[in-house]
Structure formats: C-alpha cells, structure tokens
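Student: Quick one, fold the following:
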Amino acid sequence: MAKRDANITERQAKWFAAVREGLERETGKTLEQWAEIARGCPETAHRARLEWLKAHHGLGQNRASTVLDAAFPNEMGWDDPDALRAALWADPASRAIFEAVAAAASAHDDVTEGQRKGYTAWSRKVKFAAVKPLKGGAASLGLAVPPEGERLAPRGKSESWSDRLKSTVRLEGPQDVDAEIAALLKRAYEAS
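Tutor: Okay, the predicted model is just below:
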C-alpha cells in the first residue's frame, strides 16, 4: 500500500485511518482478523466477496472494501498505480487526452493524482477533477463545478467517481483540453 498512500491527500489518509479505527472499535475485530475472515470467503471475484462480507458479516461498502484490500492487496491493484494507469489508458487516442488533462490539472500547487481502475482523479484537499476513457478514443472529464455553459453537462447518476464532481464534458481529442477547460480545472481546483 505504500505507493497508494503516496497518491492520496492528507484528508483521504485520515479518512482511511478513521475507517480502519472504526472497524476495530465497532466490531471488536482488528483489520487483520477481518482479512483472515475474508480469505475464507467461498467467492473468488471481488464484487462477490464484497457482497458476501456485507451479507454474512454486516459490513458496509467502505469497510468491506478496506477488508478486501488488506486480505487481497495484489488482486486490488492499488499498490501499483502505474500499472492501473497503463491498463486504463492503453488506447493511444484516449491516452493523449489523459496526458493533456493531467498537464492542465497538475499545473497547480499541492495536487495529488489518484489512480483508480476506472478513472484518474486529481485532488487538492478534496477531489476536483477526474477523467475516464470512453469507447472510440474519447474521454469524459468530471469537474467540481456546476454544469454551466454549453460545454458542461450535469453529472450522470451512474458516474462512480464522486458526488463532488457536478459536471462532465466529453473530450474527443487532446485539442479539446483548451483554455476554457484549463480555466474550469483551475476553478474546480480553487474550490477544493
């Protein structure tokens, strides 16, 4: 988990610590004891293991995910953000968009890039932007700004990145990461 911890904000690190502490305090079992229980799960797929912990042991989503990360760290992939990024952005067209967004999002001080399986996010104290590849070499950029103007659409209910990201914009190529997108990223960054 060392690499993942280097790619989270101080606020996120405190949140993860609070989840771990609450797990032990409220269940009477340490994270390692819960990890041992999870290793005995009859399921082999991540989602099925998650549902098993929730159904059979009453853990919520965040606690169950924390337990599975401790029980099966290599399967989660969190300890290798570079591999997650390479797999997610394998398509050269969408990779070019990612690189343009990354340059604009990281142009500010104290920005933390966080890699997830389905998207890449940027945070200051909290998440202010995230981008994910779309079919056909495009990408969807989520921003922590209201969906104002012609380019921004409201965040879809199925977006998994964060409720803070209120608007999205479809990017067809790196040229779409223009001065207007850079200004929106800066606005989202300043509000985070």
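Student: Closest to the centroid, which residue in this structure?
Tutor: residue 116 (4.4 Å; C-alpha atoms, centre = their mean).
Student: Can you verify my assumption that that residue contacts residue 65?
Tutor: No: with contact defined as C-beta atoms under 8 Å, residue 116 does not reach residue 65; the gap is 11.8 Å. Where C-beta positions appear, they are placed from N, C-alpha and C, glycine not excepted.
Student: Look up phi and psi at residue 120.
Tutor: phi -120, psi 140 (degrees, to the nearest 10).
Student: Count the residues that sit near it.
Tutor: 24 (other C-beta atoms under 10 Å).
Student: what are the ranges of the helices in this structure?
Tutor: 2-6, 10-27, 31-39, 46-57, 61-71, 73-76, 81-88, 92-105, 179-190 (DSSP state H).
Student: What lies in contact with the second one?
Tutor: The reference is to helix 10-27. Outside of helix 10-27, the residues within contact range by C-beta atoms under 8 Å, 6 or more residues apart in numbering are 5, 8, 29-31, 34, 59, 62-63, 66-67, 114, 123, 125-126.
Student: follow-up on the earlier one: looking at the helices of the chain, which is nearest to residue 140?
Tutor: helix 92-105 (9.7 Å; C-beta to C-beta).
Student: Could you list the buried residues of the closest one?
Tutor: 94, 95, 96, 97, 98, 100, 101, 102, 104, 105 (16 or more other C-beta atoms under 10 Å).
Student: Give me the mean pLDDT for it.
Tutor: Averaged across helix 92-105, pLDDT comes to 97.
Student: quick one, that helix and helix 179-190 angle?
Tutor: Here helix 92-105 points in a direction 50 degrees away from that of helix 179-190 (axes from the mean of the first three to the mean of the last three C-alpha atoms, to 10 degrees).
Student: Pop the domain breakdown of this structure in here.
Tutor: 2-76, 81-190 (automatic domain parsing).
Student: And the ones you listed, which one averages the lowest pLDDT?
Tutor: domain 2-76 - the lowest mean pLDDT of those, at a mean of 82.
Student: Could you list every helix and strand that the longest strand along the chain packs against?
Tutor: Using DSSP state E to define each element, the chain has its longest strand at strand 127-133. Applying 3 or more C-beta pairs under 8 Å, 6 or more residues apart in numbering; DSSP states H and E, one finds that strand 127-133 makes contact with helix 92-105, strand 120-123, strand 139-143, helix 179-190.
Student: Ok, which of those comes nearest residue 46?
Tutor: Short answer: strand 120-123, nearest of those by C-beta to C-beta, at 19.8 Å.
Student: Tell me the buried residues in the closest one?
Tutor: Counting neighbours by 16+ other C-beta under 10 Å, strand 120-123 gives 120, 121, 122, 123 as buried.
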